[in-house]
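Colleague: Please work out how this folds:
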Amino acid sequence: MADTTVFARMNGDENDSCMEFLRDMDVVEVPTFLFIKDGKIAGRYVGSGKGELVGEILRYNGVRVTY
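Modeller: Next comes the predicted model:
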């Protein structure tokens, strides 16, 4: 089976469960993008730079990226 990339969005102030989840994931700034592999956080990107985010997504999917 091929690797799959899933994108999800969560509003931290939506309810107590969301806020608790974000605390558990050590999310203190927004936007924060978590890269999760095999149920564990493999990395994170904090910021809103589109090019940098795309580079991080590619990198975490095994593509060699140079800046």
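Colleague: Against Cys18, how distant is Phe33?
Modeller: 16 Å (CB to CB, to the nearest Å). Every C-beta, even on glycine, is put in place using the N, C-alpha and C of the backbone.
Colleague: Settle it for me: which of those two has more neighbours?
Modeller: Between Phe33 and Cys18, counted using other CB atoms under 10 Å, Phe33 has the larger neighbour count: 16 against 13.
Colleague: In which helix or strand does the more buried one reside?
Modeller: Here Phe33 sits within strand 32-37, counting by DSSP states H and E.
Colleague: what's the spacing between that strand and its chain's center?
Modeller: Mean C-alpha position of strand 32-37 versus that of the full chain (CA atoms, centre = their mean, to the nearest Å) differs by 3 Å.
Colleague: cool, and stretch 38-45?
Modeller: Relative to the centre of its chain, stretch 38-45 is centred 7 Å away, using CA atoms, centre = their mean.
Colleague: Please apply the same query to stretch 7-16.
Modeller: Centroid separation for stretch 7-16 versus its chain: 13 Å, with CA atoms, centre = their mean.
Colleague: export that stretch as CSV, just CAs?
Modeller: Extracted C-alpha coordinates of stretch 7-16, given in CSV (Å, rounded to 0.1, in the frame of the first residue of the first chain):
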residue,chain,number,x,y,z
PHE,A,7,-4.4,17.0,6.2
ALA,A,8,-6.6,18.0,9.1
ARG,A,9,-7.5,21.3,10.8
MET,A,10,-8.4,21.9,14.4
ASN,A,11,-9.5,25.1,16.1
GLY,A,12,-8.0,25.0,19.5
ASP,A,13,-10.6,27.2,21.2
GLU,A,14,-13.5,25.1,19.8
ASN,A,15,-13.9,23.1,23.0
ASP,A,16,-12.1,21.7,26.0
